[in-house]
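Undergrad: What follows is a protein structure lacking sequence information:
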DNA sequence: CTTAACTCGTATATTCCCGTACGAGATAAA
DNA sequence: TTTATCTCGTACGGGAATATACGAGTTAAG
């Protein structure tokens, strides 16, 4: 998964990096412009330690985004995408909606600091998995075919991102946010009358 | 419409202000963190001239947001919202989707610099108009009632904002963006089977 | 135990942006 | 034409954030 360029790395360094990346994911998700200071503080490490592992801000953002996408991949890999596409999508969203929402937020955070090519490259694999499922659903007549596929994928992201936002704002609750998001996505994908 | 605190203001000042506000709307819509320099440059005016009319960044953002919302109000006021709610909404979106998308973007830009109370206050009127239409549609059985009304309003914003974004990215074209956005919104509001 | 790796504080350079001050020149309004 | 307003350049100060430099103390690994 992670590039193993340096064969020797001490255990505490490994731990620090993990905590920094976790902090970056958390912090950047709720504020795309979060300071390096803030991330270091949330990770419980000195700012200089952080710079020891990530020379530039872009490095850190990319690491956070990669970690989130890898986590997403791991979850997606564990979901059964066979059978009825509608139910498969429900399963997928139920188990990964928050991760997808996080990825979308990080993607936005990375928009400015990473070259757009690198961005698309990182995001290609997870997007493709959703895309394939939607395509199969379209073939089987379960999902609408009158709108561009990439648009449908984007709308799913917008909805999940929005759901996370409304949850933070207190307009949705932990109890109903997943249900609401899933119902909305299903409505978007349903073929028109 | 606009407060007339200063009875005497020269015509060229009036013109400058108009150009600055227009530039702010355009610039902030596509980059919420746009620099005052950039806005002044796009307005074709010196930075100091800008400061002559807007003492602080918040003032400028608020002016831009107000202008966009007023423009939206003007358009909304000209749309016939009576009759079948579904068709009324289609009319409304067709004639104002880009303005709503712009307002959403500016709203996001203003999130950090304006007190949230002032923000809600500015946004209350236009939002209410859409909300009323949706409510009427719900009563008449045209729109779904199983999801919270504020959520539906938010989703409309997300979709329109996303459509504008995809248009900028080149994934949608001028020709199909409105149609796509409207179809998506209709799908969201349609009662479930 | 010895070494190399890691942590982390302070200090500093740099950059970017906001906002203010001053003042000279251009222009609209009377 | 006279006057007040407006434009706009240059310059300055402050603040925040990124990134580097140096060095002393701490800790894992052999």
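TA: Nice, thanks for sending it over. Bear in mind the structure is a predicted one, so any value in this text is a computation, not a measurement. Numbering: from 1, shown residues only, chains lettered A, B, ... in the order given.
Undergrad: quick one: the helices in chain A?
TA: In order along the chain, chain A carries the following helices (DSSP state H): A:11-30, A:36-43, A:47-53, A:57-77, A:85-110, A:116-139, A:149-169, A:177-189.
Undergrad: Could you export those as TSV, including distance to residue B:72?
TA: Yep, even glycine has a C-beta here, placed from its N, CA and C like the rest. Rendered in TSV, the data for the helices of chain A read as follows (distance: least, CB to CB, whole Å):
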stretch	distance to residue B:72
helix A:11-30	29
helix A:36-43	35
helix A:47-53	44
helix A:57-77	34
helix A:85-110	24
helix A:116-139	31
helix A:149-169	20
helix A:177-189	24
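Undergrad: and the ones you listed as a markdown table, adding mean neighbour count and mean pLDDT?
TA: Compiled in a markdown table, these are given as follows (neighbours: other CB atoms under 10 Å in any protein chain shown; pLDDT from 0 to 100):
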| stretch | mean neighbour count | mean pLDDT |
| --- | --- | --- |
| helix A:11-30 | 17 | 96 |
| helix A:36-43 | 18 | 97 |
| helix A:47-53 | 15 | 96 |
| helix A:57-77 | 18 | 94 |
| helix A:85-110 | 20 | 94 |
| helix A:116-139 | 15 | 93 |
| helix A:149-169 | 21 | 96 |
| helix A:177-189 | 20 | 97 |
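Undergrad: what residue lies at the spatial centre of chain A?
TA: Of all residues in chain A, the one closest to the mean position by CA atoms, centre = their mean is residue A:103, 2.0 Å from it.
Undergrad: Please name the nearest non-neighbouring residue to that one.
TA: residue A:68 (5.0 Å; CB to CB, 6 or more residues apart in numbering or on different chains).
Undergrad: Likewise for residue A:104?
TA: Computed as CB to CB, 6+ apart, the closest residue to residue A:104 that is not its neighbour in sequence is residue A:161, at 4.3 Å.
Undergrad: how close does the residue nearest to residue A:103 sit to residue A:121?
TA: Relative to residue A:121, residue A:68 is positioned 15 Å away (CB to CB, to the nearest Å).
Undergrad: repeat for residue A:82
TA: On the measure of CB to CB, residue A:82 and residue A:121 end up 28 Å apart.
Undergrad: What of residue A:81?
TA: Taking CB to CB as the criterion, residue A:81 is separated from residue A:121 by 23 Å.
Undergrad: Could you do residue A:171 as well?
TA: The span separating residue A:171 from residue A:121 equals 35 Å under the rule CB to CB.
Undergrad: ok, now residue A:178?
TA: Residue A:178 sits 30 Å away from residue A:121 when distances are taken as CB to CB.
Undergrad: again with residue A:19
TA: Taking CB to CB, one finds residue A:19 at 27 Å from residue A:121.
Undergrad: ok, now residue A:100?
TA: 18 Å.
Undergrad: and what of residue A:24?
TA: Separation of residue A:24 from residue A:121 (CB to CB) stands at 20 Å.
Undergrad: what's the answer for residue A:39, then?
TA: 24 Å.
Undergrad: which residues does the spatially closest residue to residue A:135 that is not a sequence neighbour contact?
TA: Here the nearest residue to residue A:135 in space, its sequence neighbours aside, is residue A:149; by CB to CB, 6+ apart that works out to 6.6 Å. Residues near residue A:149 by CB atoms under 8 Å, 6 or more residues apart in numbering or on different chains: A:131, A:134-135, A:138.
Undergrad: What of residue A:126?
TA: Neighbouring residues of residue A:126 by CB under 8 Å, 6+ apart: A:69, A:72-73, A:76, A:103.
Undergrad: Max pairwise distance over the residues you listed: which two?
TA: For the contacts of residue A:126, the maximum inter-member distance is 11.1 Å, found between A:76 and A:103 (CB to CB).
Undergrad: Domain map for chain A?
TA: Domain segmentation of chain A under automatic domain parsing yields A:8-55, A:58-189.
Undergrad: I'd like the ones you listed as CSV, with distance to residue B:114 appended.
TA: Shown next, in CSV, are these (distance: least, CB to CB, whole Å):
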stretch, distance to residue B:114
domain A:8-55, 17
domain A:58-189, 16
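Undergrad: Go through these and name the closest to DNA strand C.
TA: Smallest distance to DNA strand C across the domains of chain A (CB to the nearest atom of the strand): 2.7 Å, for domain A:8-55.
Undergrad: wait, does the closest one contact DNA strand D?
TA: Yes - under the criterion of CB under 7 Å from any atom of the strand, domain A:8-55 makes contact with DNA strand D via A:8, A:10-12, A:35-37, A:48, A:51, A:55.
Undergrad: Which residues of chain A lie near DNA strand C?
TA: For chain A, the residues in contact with DNA strand C (CB under 7 Å from any atom of the strand) are A:8-10, A:12-13, A:15-16, A:45-49, A:52-53.
Undergrad: so who does residue A:153 touch?
TA: Contacts for residue A:153 were tallied using CB under 8 Å, 6+ apart; they are A:127, A:130-131, A:134.
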